[in-house]
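In: Next one to model:
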Amino acid sequence: MTVWSTVLEACTLLGAAFLTVYAIDVVVLERLANGADRPLPRGAEWTAICRRIHHRFIWPAAISVAAALLASYYLQDDRWQVGAGLMIGAICYTWDKILPAGTVLYTIDPSRPATLHLTRARFRDYAIRHIPLIVLGLGALAAYAWAHY
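Out: Numbering: from 1, shown residues only. Okay, here's the model as predicted:
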């Protein structure tokens, strides 16, 4: 195993792990906030929840796809393409379902008591949309682990 293959494998795993951990983070944060009727995050934290999907989520997934395809070529092992396919599905799902929901959440002021019930409902919907990403991320991690051995 060369240094190049180790770097490619690390990039595939880190990108898929980042996608999965971020999706789990959003689901857990929503459960903690809505489950106990705690106040919703405000200010910078709310903005971060709604906007970080743009660059903190899609780019690591794209790097994971590129690294997996390069690993498939370099190592002459098509199993890496299974994980890349799952990550491509996660990227497409993010652009189609999560990005629009995050944009809507970004326009909402979570400190307004008159619309708090709608904000909580939208936040719940936003979190539920992350469950398929968790599945796709775990699937990609499993596929990368399978390709590694």
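In: got a list of what the spatially most central residue of the chain touches?
Out: Residue closest to the mean C-alpha point of the chain, counted by CA atoms, centre = their mean, is Leu19 at 3.4 Å. By CB atoms under 8 Å, 6 or more residues apart in numbering, the residues touching Leu19 are Phe57, Pro60, Ala61, Ser64, Met87, Ala90, Leu133, Leu136, Gly137, Ala140. From N, CA and C alone the C-beta is placed, and that goes for glycine too.
In: Touching, the third one and Ala17? I think so.
Out: Looking back up the chat, that one is Ala61. No: contact criterion CB atoms under 8 Å: Ala61 and Ala17 do not qualify, at 10.6 Å.
In: before we move on, the earlier item: ok, of the contacts of Leu19, which come out buried?
Out: Those of those that meet the buried threshold are Phe57, Pro60, Ala61, Ser64, Met87, Ala90, Leu133, Leu136, Gly137, Ala140, by 16 or more other CB atoms under 10 Å.
In: Just give me the closest of those to Val28.
Out: Closest approach to Val28 among the buried ones among the contacts of Leu19 (CB to CB): Leu133, at 13.4 Å.
In: State the helix or strand in which the residue lying closest to that closest one once chain neighbours are set aside lies.
Out: Among residues not flanking Leu133 along the chain, Ala23 sits closest, at 4.0 Å (CB to CB, 6 or more residues apart in numbering). Assigned by DSSP states H and E, Ala23 belongs to helix 3-35.
In: and that helix, what's its mean pLDDT?
Out: Averaging pLDDT along helix 3-35 yields 88.
In: Which strands and helices lie in contact with the helix or strand following it?
Out: Using DSSP H and E, the next helix or strand after helix 3-35 towards the C-terminus is helix 44-51. Here helix 44-51 touches helix 99-106, going by 3 or more CB pairs under 8 Å, 6 or more residues apart in numbering; DSSP states H and E.
In: Near Val26, how many other residues are there?
Out: 24 (other CB atoms under 10 Å).
In: and if you look at the one 4 residues further on?
Out: For Glu30, the tally of surrounding residues (other CB under 10 Å) stands at 20.
In: Low-confidence stretches in this protein?
Out: 1, 51-56 (pLDDT under 70).
In: try it again with 90
Out: 1-10, 19, 22-23, 25-61, 75-78, 94-95, 97-123, 126, 147-149 (pLDDT under 90).
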